[in-house]
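>>> Below is the sequence, then the predicted model.
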Amino acid sequence: MLTLAVTTTAETFERLRDPLAARDIAVEYLQADERATDLTEPPARRFDVGFVYPSRLMAGGVVDGRHGIPWVNGRAAVLTSRNKAGVIARLARAGLPTPDTHVVSNPVDDDAVAAAARDIGFPLVVKPNSTTRGIGVAKATDLDSLLGIVDYLNLVHDYRATGDKSYLLQEYFPEARDYRIMVLDGAVVGAVERRLSDDARGAGRWKHNVHRGAEATGVDAPAALRTLAVETAEALDIDYLGVDVLVSGGRAVVSETNARPTVDDAKYDADFWDRLADLIRRTSEEAD
């Protein structure tokens, strides 16, 4: 039986454990952070493979150094997906549809920001390049509101320890339908549509992140969107990927991706667990 290391105790760990145990893969928790670790002592436990590389990359490096295990979605995949600007650039080069997007790498002056905004048009979305769950994402309706948002980003980027000093200005899609499509090993294995309640919309909210209160409902994504999601995963060379697609005004675009998506039964098709078990075994075998 293979032993799979999972470095989170959140929902994903509990949801992985029983289905994978039924497929001869033991799921065990491997604590990667919030602890003191003796680096000179060998680890007490052995793992065959990991799922997925820890979100704290420095902690992941320690885990790698001590255990030397292969990962379903390793460090490169997590870094690729986390870089929103890099994702848009790669997909655009591959000819896949994306929102009109400019990346701003601080420091720049207000004139450069204003020129980029004019090229996109208002309203537009401002996104920190490396955050998740919609954190720090804002909508600017005019130049004054945009420059006010940028002032806050400049304050954050002045902090010496800030690693990524870039943010995106991105086309806003009104009344967009928001899909998260899951791709596993080159095939779509499920999808949800994320929706805000009528009350939330009436209150002026527009973000569709589940962590911000939107509801995710399992759907059978249209064939064209499924193809787009698979092509996105191929272009980024990531085996297990959540692909966020916005549909508005007859256009479908990839807005973001997530190489650390939460495992959620509501998202997945019936063959998901068999496909995931196969990928875990192959990842282990290819490392031998």
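Nice, thanks for sending it over.
>>> Quick check: Val6 touching Val49?
No: assessed by CB atoms under 8 Å, Val6 is found out of contact with Val49, at 10.3 Å. C-betas here are computed from N, CA, C, even on glycine.
>>> Tell me who's in contact with Val230.
Val183, Gly186, Ala187, Val188 (CB atoms under 8 Å, 6 or more residues apart in numbering).
>>> which of the residues you listed are buried?
Buried by 16 or more other CB atoms under 10 Å: Val183, Val188, out of those.
>>> Grab the two from the contacts of Val230 that are most spread out in space.
For the contacts of Val230, the maximum inter-member distance is 9.2 Å, found between Gly186 and Val188 (CB to CB).
>>> Let me see the ranges of the strands in the protein.
For the chain, the strands defined by DSSP state E cover 2-6, 25-29, 49-51, 71-72, 101-105, 124-128, 138-140, 166-171, 177-184, 187-195, 215-218, 240-248, 251-258.
>>> Determine which stretch of those strands is the most buried.
Greatest average neighbour count among the strands of the chain goes to strand 49-51 (a mean of 25), per mean count of other CB atoms under 10 Å.
>>> which outside residues touch it?
Against strand 49-51 from outside (CB under 8 Å, 6+ apart): 2-7, 16, 30, 63, 67, 69-73, 280, 283-284, 287.
>>> Show me what that strand pairs with in its sheet, parallel or antiparallel.
Under the criterion DSSP bridges, strand 49-51 sits next to strand 2-6 (parallel), strand 71-72 (parallel) in its sheet.
>>> returning to that earlier point: of the strands of the chain, which shows the lowest average pLDDT?
Of all the strands of the chain, mean pLDDT reaches its minimum on strand 215-218 (a mean of 86).
>>> Could you name the helices and strands sitting against that strand?
Applying 3 or more CB pairs under 8 Å, 6 or more residues apart in numbering; DSSP states H and E, one finds that strand 215-218 makes contact with strand 187-195.
>>> Compute the inter-axis angle for the strand it packs on and strand 240-248.
Between strand 187-195 and strand 240-248, the angle comes out at 50 degrees (axes from the mean of the first three to the mean of the last three CA atoms, to 10 degrees).
>>> what does strand 187-195 contact?
With CB under 8 Å, 6+ apart, strand 187-195 has contacts from 177-183, 208-210, 214-221, 225-226, 229-230, 266-269, 271-272, 275.
>>> Strand 177-184 and that strand, what's the angle between them?
160 degrees.
>>> Buried residues in the worst-scoring helix or strand of the chain on mean pLDDT, which are they?
In the chain, no helix or strand scores lower on mean pLDDT, DSSP states H and E than helix 198-202, which sits at a mean of 77. By neighbour count, and taking 16+ other CB under 10 Å as the criterion, the buried residues in helix 198-202 are Ala200.
>>> so what's the closest residue to Pro128 other than its chain neighbours scoring on pLDDT?
Nearest non-adjacent residue to Pro128, counting by CB to CB, 6 or more residues apart in numbering: Gly136, 4.3 Å away. In this model, Gly136 is scored at 79, pLDDT.
>>> so Gly136 sits right up against Asn129, yeah?
No: counting by CB under 8 Å, Gly136 does not reach Asn129; the two are 9.8 Å apart.
>>> Name the stretch from the strands of the chain that approaches Glu234 most closely.
strand 177-184 (8.7 Å).
>>> got the contact list for the closest one?
188-195, 208, 214, 216, 219, 221, 225-226, 228-230, 232-233, 239-248, 258, 261, 267-268, 272, 275-276, 279.
>>> please redo it, this time with the cut-off set to 6 Å
With contact meaning CB atoms under 6 Å, 6 or more residues apart in numbering, strand 177-184 is reached by 189-194, 208, 221, 229-230, 233, 240-247, 267, 275.
>>> and if you look at stretch 278-287?
Leu2, Ile25, Asp48, Val49, Pro70, Val72, Asp185, Asp239.
>>> Among the residues you listed, which one sits closest to Asp119?
Asp239 (35.1 Å).
>>> so what's the closest one closest to, chain neighbours aside?
Spatial nearest neighbour of Asp239, chain neighbours left out: Asp185 (5.5 Å); criterion: CB to CB, 6+ apart.
>>> Then Asn73?
Once flanking residues are discounted, Asn73 sits nearest to Val52: 3.7 Å by CB to CB, 6+ apart.
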